[in-house]
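Visitor: coordinates only, sequence not included:
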């Protein structure tokens, strides 16, 4: 039996947060008492203190599946719970998500939910019992269920309309800011971003999904199944961009590919890139003195401990745009084996003295600790990971910055590291760690 | 500690320019012998420095074994650094003591010296002799440009432009960023213990490798950064124009 020290994600049922991330949507948990609270505590509280929002935290309806339901089945209890939740909660969309116990005893949740769907209730369901996998997996289960049960064709294609599919809400501490940053980038090319999750998302956005010209998936691997489902259901092509764009090099590459996929005039794209890169380098150049001449020494190397969205994105930004060396990377999201080579390839060639930066796929804090104890750091590195890793960083005098769950040493509202502006934000946050250490 | 300074077995100084006054006084007034060899930046200097320290403190019987062990210990790592640094051209901007020490360090790491510039160059120190670093340099058979007191930013940028080194190594505060803004990676040696002796040269070599592999930062910055000088100056044939005449 393998054990995992220091949880960095949760189980599939953590996808309740993906439902909550769509405005006016409410999850109904068909799960044991406590599941929701524990998941919410890990993903939304001890992770930037994102909070309960509109209907999360202790407001989430739950069937409280216990011994009685295990023995006699929980369908009646679920039927009662859904009926009451529909009367009680002021929402436009409901999602029944199952936990381990109903999935094991075999409740026919589909049939119960279909009874409500037939009566016109805005409700869908997804099988998210924790043993299926992580909340990354759970997020895609919710996406697939949403596409299959809720989305419908609704009129002509809107030219320039681009659906944004990317990071996992709430698991990504910066998800809402990230989506806003992606929207800003898309809009900068004259396109119209359609955000499903976050402040601008919700029912209106969902109604327009099928009318988009393009589905944009900014993700290393997660969401590909959902993109294929959208393609076969509505015939919408998708652009798969495998890296979260942080900083000028990646963001410019992203804009060029997006421009090409949507037929935006390349001259316009290049003008936009030039304007944004100039602004970025204005700020970096202004502070170049401090980045190059600090007596305390500025880290030349870094360790990243994050998911397959953030670890390659941060490594590429710091290596390509800042010239730092990706000494060791850990990817903590249980990237499926068939996608690991693709994720690994995002690191190849990004540093001149390190042809293949070492990448380890593990979600186990024990493996991370033992690996790093065997690395000799010639100087103090940045340690970009979670709050767990602050303790470990002390062993080799690393400069820690939390960007990954649990991110319990930071309050995160609209902050994002995505885009040109996001690169500046990440540089500010990283170097501020160095300076504040020496005060 | 200061109360017992006159009882010391020897004086070693980190900076020969600034340390020689006190060292000379201790030697003249209290008979504390001073180690006059260059500071132990890099391997050869560390060897000489240790031998001299051993000589003045009567430990000659121990020093050779220490030197041999240290050479053996660092050999594999040093070779790996040399393989990555060999042939890279370095321009050095430091005070004369450090500059000459680092010329040796850089050569030990396999780099070529593209040039050196210093705020000043002293022909005589407080002990009445030519500084050892300068004497050593005068005796060695090397040819590279060495200029003195041309470290105004406008001059440095012109010189770097002309010489186009792979890397700029500096101990002149405020100049590293200008090199980067001209597209040249730079390393600021703020800590005087940088490249100190055997372990020091390895960590300094690693820093150079890291800096050279980060040249994309400088290249991209330079692509967007407008230097504060006119095209006339940046394209001017003679970088030392203002030394001889003022522009009309």
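Guide: Cool, got the structure. Note that the structure is predicted; figures quoted are calculated from it, not measured.
Visitor: residue ranges with poor pLDDT in the chain?
Guide: With no chain named, the answer covers chain A. Across chain A, the ranges flagged by pLDDT under 70 are A:1.
Visitor: hm, I was asking about chain B
Guide: Scanning chain B for pLDDT under 70 picks out the ranges B:141, B:245-248.
Visitor: get me the contact residues on it for chain A.
Guide: Neighbours of chain A within chain B, by Cβ under 8 Å from any Cβ of the partner chain: B:84, B:173-174, B:176-177, B:180-181, B:185-186, B:188, B:190-191, B:202-203, B:206-207, B:209-218, B:220-221, B:223-225. All C-beta spots, glycine's among them, are computed from the backbone N, C-alpha and C.
Visitor: and those residues, which are buried?
Guide: Buried members of the residues of chain B next to chain A, scored by 16 or more other Cβ atoms under 10 Å in any protein chain shown, are B:84, B:176-177, B:180-181, B:185-186, B:188, B:202, B:206-207, B:209-218, B:220-221, B:224-225.
Visitor: which strands or helices does the longest helix belonging to chain A pack on?
Guide: Longest helix of chain A, by residue count under DSSP state H: helix A:266-286. Secondary structure elements in contact with helix A:266-286, counted by 3 or more Cβ pairs under 8 Å, 6 or more residues apart in numbering or on different chains; DSSP states H and E, are helix A:248-262, helix A:419-437, helix B:215-224.
Visitor: ok, and what's touching the longest one?
Guide: To tie it back to what came earlier, the one meant is helix A:419-437. The contact list for helix A:419-437 (Cβ atoms under 8 Å, 6 or more residues apart in numbering or on different chains) reads A:178, A:181-182, A:184-185, A:245-248, A:251, A:276-277, A:279-280, A:283-284, A:290-291, A:294, A:296, A:298-299, A:314, A:317, A:321-322, A:382, A:384, A:399-401, A:415-417.
Visitor: between helix A:248-262 and it, find me the angle.
Guide: Here the directions of helix A:419-437 and helix A:248-262 differ by 160 degrees (axes from the mean of the first three to the mean of the last three Cα atoms, to 10 degrees).
Visitor: kindly report the same for the last one.
Guide: Here helix B:215-224 runs at 70 degrees with respect to helix A:248-262, directions being taken by the same axes, to 10 degrees.
Visitor: who's in contact with helix B:215-224?
Guide: For helix B:215-224, contacts defined as Cβ under 8 Å, 6+ apart pick out A:248-249, A:277-278, A:281-282, A:284-285, A:288, A:320-323, A:352, B:166, B:179-186.
Visitor: restricted to buried residues, select those residues in ChimeraX.
Guide: Here is the ChimeraX selection string for the buried members of the contacts of helix B:215-224, based on 16+ other Cβ under 10 Å:
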select /A:248,249,277,281,284,285,288,320,321,322,323,352 /B:166,179,180,181,182,183,184,185,186
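Visitor: need the contact list for the closest residue to chain A within chain B.
Guide: With Cβ to the nearest Cβ, the shortest gap between chain B and chain A falls at residue B:214, namely 2.2 Å. By Cβ under 8 Å, 6+ apart, residue B:214 lies in contact with A:300, A:322, A:323, A:324, A:325, A:352, B:185.
Visitor: tell me the buried residues within the contacts of helix A:419-437.
Guide: Here, 16+ other Cβ under 10 Å leaves A:178, A:181-182, A:185, A:245-248, A:251, A:276-277, A:280, A:284, A:291, A:298-299, A:314, A:317, A:321-322, A:382, A:384, A:399-401, A:415-417 buried among the contacts of helix A:419-437.
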